[in-house]
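Asker: no FASTA, just this:
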């Protein structure tokens, strides 16, 4: 009987540490740049804050061209600052790198680019 309680406890811990809130900061950042490059506003809504989506809407074609000129994302490495904020270092195919802020909004990671 004790082993059953231990098993239940381990399952609860496993659930607590799996990203039930969706993809992590690195994956969300890659999704963001893919959406920008494609001009996919529906996908952008899923992976960016409202302020970022608003800015992207205004600069849609310019942002799309910028990401395209960089050749797309090669890698994204995250540094979690705390449970609600992270910084993702993005490396592009042209060799350039950018640090992107990612925040948790209603339990989901979202790219946050300030104007």
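Answerer: Looks like it arrived, so ask away. What you see is a predicted model, and the numbers here were worked out from it, not measured in a lab.
Asker: so residue 98 is in contact with residue 77, correct?
Answerer: No. Here residue 98 does not reach residue 77: they are 11.8 Å apart, not a contact under CB atoms under 8 Å. Every C-beta, even on glycine, is put in place using the N, C-alpha and C of the backbone.
Asker: for the protein, give me the ranges with low pLDDT.
Answerer: Under the criterion pLDDT under 70, the flagged ranges of the chain are 1-21, 115.
Asker: contact partners for the most centrally placed residue in it?
Answerer: Central residue of the chain (CA atoms, centre = their mean): residue 28, 2.4 Å from the mean position. Taking CB atoms under 8 Å, 6 or more residues apart in numbering, we find residue 28 in contact with 22, 47, 102, 108, 109, 110, 111.
Asker: what's the closest non-adjacent residue to the fourth one?
Answerer: Using CB to CB, 6 or more residues apart in numbering and skipping residues adjacent in sequence, the residue nearest residue 108 is residue 22, 4.7 Å away.
Asker: re earlier: look up how far residue 95 lies from the residue nearest to the centre of the chain.
Answerer: Residue 28 sits 23 Å away from residue 95, going by CB to CB, to the nearest Å.
Asker: before we move on, what about residue 70?
Answerer: For residue 70, the distance to residue 95 (CB to CB) stands at 9 Å.
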